[in-house]
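Peer 1: Any chance you could fold what I've pasted below:
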Amino acid sequence: MLHTVGDGPIPMALEALAFAKPNKKYPTYNLIQKVWNKCKYVQQADGYTDYSPLWHNDTYTELAKLQIGGGWKSHGVTHIKHVFRHGRLRPLADLRVEYGLPSSMLFQYMQLQHAVRAQSRSSEWHLSPTPVFSLLGDAVSSKGFISECYAILLQYFLGQHPVMVREKWEKDVGQLDGEQWEEIFQGVSSCSLNVAQRLTQLYIIFRVYYTPRRLQLMGMQTDDVCTRCKRVHGDLIHLLWRCPKLHKYWSEVMSTVNSVFGVSMPVDPRVCLLGVLEEHVEEVYTREAVQRALFQARKLIMIHWKSETPPTLREWIDRMGE
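Peer 2: A predicted model of the protein is given here:
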């Protein structure tokens, strides 16, 4: 039942939420509405889509004036995709064939045609491209569904923010080629089975954590010194890698990983922080296991983010056994 909600596909139900007013009585309703609108924003779907509702939609001021939705709805014509094709209103003859419209709908069709022209000041209507909408509408199984949605949204996000993220990391860890960046982002899905933990890895990649350096630039604290060593500017690469108090931790973790998995990987930030493993670990299943082990090592640093003491090898081993 993944592809249906009530009598309609999921994207139609979600688009109905997107154009509805928030309801303070139902926080879950509002949360779904916010998430869906954010999904549309990431896809740059800033206008109408194939799944936007035609009727009872206050954003269509001209259509709202008509109040003629009843006759159309009784024949299953409820959303933009039903009456538009490639941004143009479909001929009445086509709609009659597909939806069995009676000849008495001619006048209502003329009203609809006039409202569309008045709304858009043209006979065409710009529709935003929305791959996730199509995926939701066509989905028949939950297997791999979340991963596909995630991949599409990530592709859009990277299309908007690739240069800044790449430049900052390469300044910190050295040059990374296109294949390595592809591995970095593919590794997000294999670093953990837990979606929330995968999000943690994305936060690391996109450098969203509030470091002492960032907090000082924001005017939220007076200094930018590392909370652990108290000596150096606390930027992201320092707190995750360069801090002297982390040297022993990372050396012990990598020594253990190499010993347990029978591999030979360097103590390198590209390996430990970003998961660039393919050139060091050939076997796919071993690589996935190493990804998860190293992610837990990174996760412990995040847990100790504001602590003066670094994580320990014992903590990491215990966490791996959970």
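Peer 1: Give the other helices and strands that the helix ranked longest in the chain contacts.
Peer 2: Looking across the chain with DSSP state H, the single longest helix is helix 284-303. For helix 284-303, the packing partners by 3 or more C-beta pairs under 8 Å, 6 or more residues apart in numbering; DSSP states H and E come out as helix 195-205, helix 244-261, helix 269-272, helix 313-320. No exception for glycine: its C-beta is placed from N, CA and C like everyone else's.
Peer 1: mind putting these in a markdown table, mean pLDDT included?
Peer 2: Shown next, in a markdown table, are these (pLDDT from 0 to 100):
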| stretch | mean pLDDT |
| --- | --- |
| helix 195-205 | 87 |
| helix 244-261 | 96 |
| helix 269-272 | 96 |
| helix 313-320 | 94 |
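Peer 1: Out of these, which is closest to residue 87?
Peer 2: Residue 87 sits nearest to helix 195-205 of all the helices and strands packed on helix 284-303, at 34.3 Å, using C-beta to C-beta.
Peer 1: just to revisit the earlier point, now mean neighbour count and distance to residue 177 too, for the helices and strands packed on helix 284-303, in CSV please.
Peer 2: Shown next, in CSV, are those (neighbours: other C-beta atoms under 10 Å; distance: least, C-beta to C-beta, whole Å):
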stretch, mean neighbour count, distance to residue 177
helix 195-205, 16, 16
helix 244-261, 16, 23
helix 269-272, 21, 11
helix 313-320, 14, 30
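Peer 1: can you count the residues close to residue 220?
Peer 2: When neighbours are counted by other C-beta atoms under 10 Å, residue 220 registers 10.
Peer 1: Revised request: answer the last question for residue 55.
Peer 2: Using other C-beta under 10 Å, residue 55 has 17 other residues around it.
Peer 1: ok so, going back, how far off helix 313-320 does the longest helix of the chain point, in degrees?
Peer 2: 120 degrees (axes from the mean of the first three to the mean of the last three C-alpha atoms, to 10 degrees).
Peer 1: buried stuff in helix 284-303?
Peer 2: 287-291, 293-301 (16 or more other C-beta atoms under 10 Å).
Peer 1: Residue 215: which of those residues is nearest?
Peer 2: residue 301 (17.4 Å).
Peer 1: Now do the contacts for that closest one.
Peer 2: 239, 240, 246, 310, 311 (C-beta atoms under 8 Å, 6 or more residues apart in numbering).
Peer 1: Mind pulling up the pLDDT for it?
Peer 2: At residue 301, the model reports a pLDDT of 96.
Peer 1: Kindly provide the distance from it to residue 250.
Peer 2: According to C-beta to C-beta, to the nearest Å, residue 301 and residue 250 sit 9 Å apart.
Peer 1: ditto for residue 280
Peer 2: 15 Å.
Peer 1: So for stretch 30-38, mean pLDDT?
Peer 2: For stretch 30-38, the per-residue pLDDT averages 76.
Peer 1: Tell me which residues of that stretch come out buried.
Peer 2: Of the residues in stretch 30-38, those buried by neighbour count under the rule 16+ other C-beta under 10 Å are 33, 36.
Peer 1: ok now that stretch, how far from the chain's centre?
Peer 2: In terms of C-alpha atoms, centre = their mean, to the nearest Å, the centre of stretch 30-38 is set 13 Å apart from its chain centre.
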